[in-house]
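Student: okay, here's the prediction I keep looking at, along with the sequence it came from:
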Amino acid sequence: MSPRYTTLMASLPPLGGLFESRTPAISRLKLERRLRLLEPQDRRRLELTVSLLSQSMRPLDQGGGPGDDRLLEEARAFFAEVSHPLLRHLVTHRLDQRTVLAALRRRHRGEAEPPLAQPWGFGAWVPAIQRHWKEPTFRLEAIFPWIVETVRLLEVDDLINLERLQFAVIWKDLDRVSLGHHFDFEAVMIYLARWSLVERWCSFDAQAATARFRQLVAAGLGSFAAASATP
């Protein structure tokens, strides 16, 4: 255990729960300053991991596109360079989740067959998804229990709770892999992954609240206009 990582983790404030805060407990600038304590090799591995985790949270391209191409290329380069078990797990878990969600969204849009001539997914589950495309959960509910609720939320177009579910799935996995890691490099990586989720959820929640407010205003103005037009 490196003394500098003990110092680093001791300097970081608790993040609390994923959905509890309106802003992260520490700013991006202050967090980046703390991360200067990282060993050069660990910083390189962390940057590669964070880059992929951040890209995996981007909105899914409609029908595939340059963004998907870049993500898949970076994923291949990452696994060729990084051998650290936890970092590989974090990236694999996130890419698997994105791949399943991408397939569900495509099918929800009416794609009767899996996409074969364009990049759309990454990982060991792509062949299984393609084989069982017409099955509601691609027969993967035992592997990804959250897929059942994801299908339901897609069917009712509840995008806010769909996003909330996806964030919660990642957070739960971070809770699981954090066991036994308190003042080491792994603890730093888990903290950063959690911080990124909190920051993204705060941003998403604010955008969703603004959208809901605009809808309420529009509905209110519509009712007012209709009432005013009544003789």
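Tutor: Structure's in. What do you need? Residues are numbered from 1 along each chain as shown.

Student: neighbours of residue 176, how many?
Tutor: Residue 176: 9 surrounding residues under other CB atoms under 10 Å. (Glycine included, C-beta is placed from N, CA and C.)

Student: run the chain-centre distance for the host helix or strand of it.
Tutor: Using DSSP states H and E, residue 176 sits within helix 159-177. Relative to its chain's centre, helix 159-177 lies at 8 Å (CA atoms, centre = their mean, to the nearest Å).

Student: just the C-alphas of that helix, formatted as PDB.
Tutor: Provided in PDB are the C-alpha atoms of helix 159-177 (Å, rounded to 0.1, in the frame of the first residue of the first chain):
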ATOM      1  CA  LEU A 159     -36.500   7.600 -20.300                       C
ATOM      2  CA  ILE A 160     -35.800   9.300 -17.000                       C
ATOM      3  CA  ASN A 161     -36.200   6.200 -14.900                       C
ATOM      4  CA  LEU A 162     -34.400   4.200 -17.600                       C
ATOM      5  CA  GLU A 163     -31.300   6.400 -17.100                       C
ATOM      6  CA  ARG A 164     -31.800   6.200 -13.300                       C
ATOM      7  CA  LEU A 165     -31.800   2.400 -13.600                       C
ATOM      8  CA  GLN A 166     -28.600   2.300 -15.700                       C
ATOM      9  CA  PHE A 167     -26.800   4.600 -13.200                       C
ATOM     10  CA  ALA A 168     -27.900   2.400 -10.300                       C
ATOM     11  CA  VAL A 169     -26.700  -0.700 -12.000                       C
ATOM     12  CA  ILE A 170     -23.200   0.800 -12.300                       C
ATOM     13  CA  TRP A 171     -23.200   2.100  -8.800                       C
ATOM     14  CA  LYS A 172     -24.200  -1.300  -7.400                       C
ATOM     15  CA  ASP A 173     -21.300  -2.900  -9.200                       C
ATOM     16  CA  LEU A 174     -18.900  -0.300  -7.800                       C
ATOM     17  CA  ASP A 175     -20.200  -1.100  -4.300                       C
ATOM     18  CA  ARG A 176     -19.400  -4.800  -4.900                       C
ATOM     19  CA  VAL A 177     -15.900  -4.400  -6.300                       C
END
